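> following is a predicted model, sequence given first.
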Amino acid sequence: MIDDDARLCRLVRDYLEPLGYQVDSAHTGPEGLDVALAGRFDAIVLDVMLPGMDGVEVLRRLRAKSDVPVLMLTGLGEEADRIVGLETGADDYLPKTFSTRELLARLRAVIRRSRITARHKGDERQAEVVVGPLRVDPETRTAQLDDQPLTLTAVEFDLLLAMAKAAGRVRTRESLLLEVAERDFEAFDRSIDVHISSIRKKLGDDPKAPRFIQTVRSAGYMMLRPGGEPL
C-alpha cells in the first residue's frame, strides 16, 4: 500500500492480515515505486496524492516494467483522478473514503482476474479472434491492427477481447464491467467509457464515424464487423 497516511496504512494492514494477507507499506512516491518494483506483490493499493512523486507518475513508471494489478485511491468526487488513473493503467479505483470491506472485495477481484490470466497462459491454446484488420490473441494477450502491435493495459485487452468475441452484438456497460472488472455496475461509473475511449484512440477510431466500436445509445457498445456494419 502506497499512501502517505500512515494511520490508514496501519488500519488496512490490521484488517487484512488476519484474513491471510501480508501488507507492506510505503509513504512517498519514490519509496513506493522502489518497493513495488523490488517485491513480488499480488496487488498494489496506490494513492493519487503522494509526496515526492504523485500516484499517476508512480503508476506510469510501474506500468513500464510490471503488470501487477493496481487499485487506485482517489479523492471523493475527483472524477479527473479516476479517469487519468484508468488511462494510465490502473485496474480499478476506490474513493479515499472507502470501507475496508469494499477494499477487500475490490482486491479479491483484481487478484482473481490476474491469476486467471496467468493460468490461461498454460492452458490449451485459445483461438485468435479476427475482426477485419484487427487480431486479438488470447493466448499471448496481444493485439494487432494492420499487423502493427497495439499497446494495451490488462483491462483494455480484456475489454477489447470481450467485444471482439461478440462482434455484431451489443454489449451493455454493466455486462462489460462485470466481465472485465468483476464488480457490480455503479450509477455514474464511467470506467468502461474511459477504457473504450482509450481503446478507440489506440485503434485510430472516430466515434462519430466508427470502424470498430459503435456506441449504442442507452445500451452500451458494439464491435462492428468489417465495413463498419453490424452483423
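Ah, there it is.

> after the helix or strand bottoming out on mean pLDDT in the chain, next one along is what?
Ranked by mean pLDDT, DSSP states H and E, the weakest helix or strand in the chain is helix 173-181, scoring a mean of 76. Using DSSP states H and E, the helix or strand that directly follows helix 173-181 along the chain is helix 191-203.

> pull the CA atoms of that following helix into CSV?
Output of helix 191-203 as CSV, limited to C-alpha atoms (Å, rounded to 0.1, in the frame of the first residue of the first chain):
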residue,chain,number,x,y,z
SER,A,191,-14.7,3.5,-16.0
ILE,A,192,-15.9,1.5,-19.0
ASP,A,193,-16.4,4.7,-21.0
VAL,A,194,-12.9,5.8,-20.2
HIS,A,195,-11.4,2.4,-21.3
ILE,A,196,-13.4,2.5,-24.5
SER,A,197,-12.2,6.0,-25.2
SER,A,198,-8.6,4.9,-24.7
ILE,A,199,-9.1,1.8,-26.9
ARG,A,200,-10.6,4.0,-29.7
LYS,A,201,-7.6,6.3,-29.6
LYS,A,202,-5.3,3.3,-30.0
LEU,A,203,-7.3,1.9,-32.9
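
> what lines up beside the very next helix or strand once past that helix in the sheet?
Using DSSP H and E, the next helix or strand after helix 191-203 towards the C-terminus is strand 213-216. Partners of strand 213-216 in the sheet, by DSSP bridges, are strand 220-223 (antiparallel).

> next, the buried residues of the longest helix along the chain.
Taking DSSP state H as the criterion, the chain has its longest helix at helix 100-120. Buried residues in helix 100-120, counted by 16 or more other Cβ atoms under 10 Å: Leu103, Leu104, Arg106, Leu107, Ala109, Val110, Ile111, Arg113, Ser114, Thr117. Backbone N, C-alpha and C define where each C-beta goes, glycine included.

> what residues does it touch?
For helix 100-120, contacts defined as Cβ atoms under 8 Å, 6 or more residues apart in numbering pick out 11-12, 15-16, 19, 21, 42-43, 45, 67-71, 91-92, 94, 126, 138-139, 141, 154, 158, 180-183.

> what about these, which are in helices?
Using DSSP H, the members of the contacts of helix 100-120 that fall in helices are Leu11, Val12, Tyr15, Leu16, Ala154, Asp158, Val180, Ala181.

> show me the domain layout of the protein.
Domain assignment of the chain by automatic domain parsing yields the ranges 6-120, 129-223.

> got the contact list for the nearest residue to Ile192 once chain neighbours are set aside?
Closest residue to Ile192 apart from its sequence neighbours, by Cβ to Cβ, 6 or more residues apart in numbering: Arg173 at 4.8 Å. By Cβ under 8 Å, 6+ apart, the residues touching Arg173 are Phe185, Ile192, Asp193, Gly220, Tyr221.

> please spell out the ChimeraX selection for the buried subset of those.
Buried subset of these, written as a ChimeraX selection, criterion 16+ other Cβ under 10 Å:
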select :192,220,221
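
> if anything else comes up later, I'll come back, but that's it for now.
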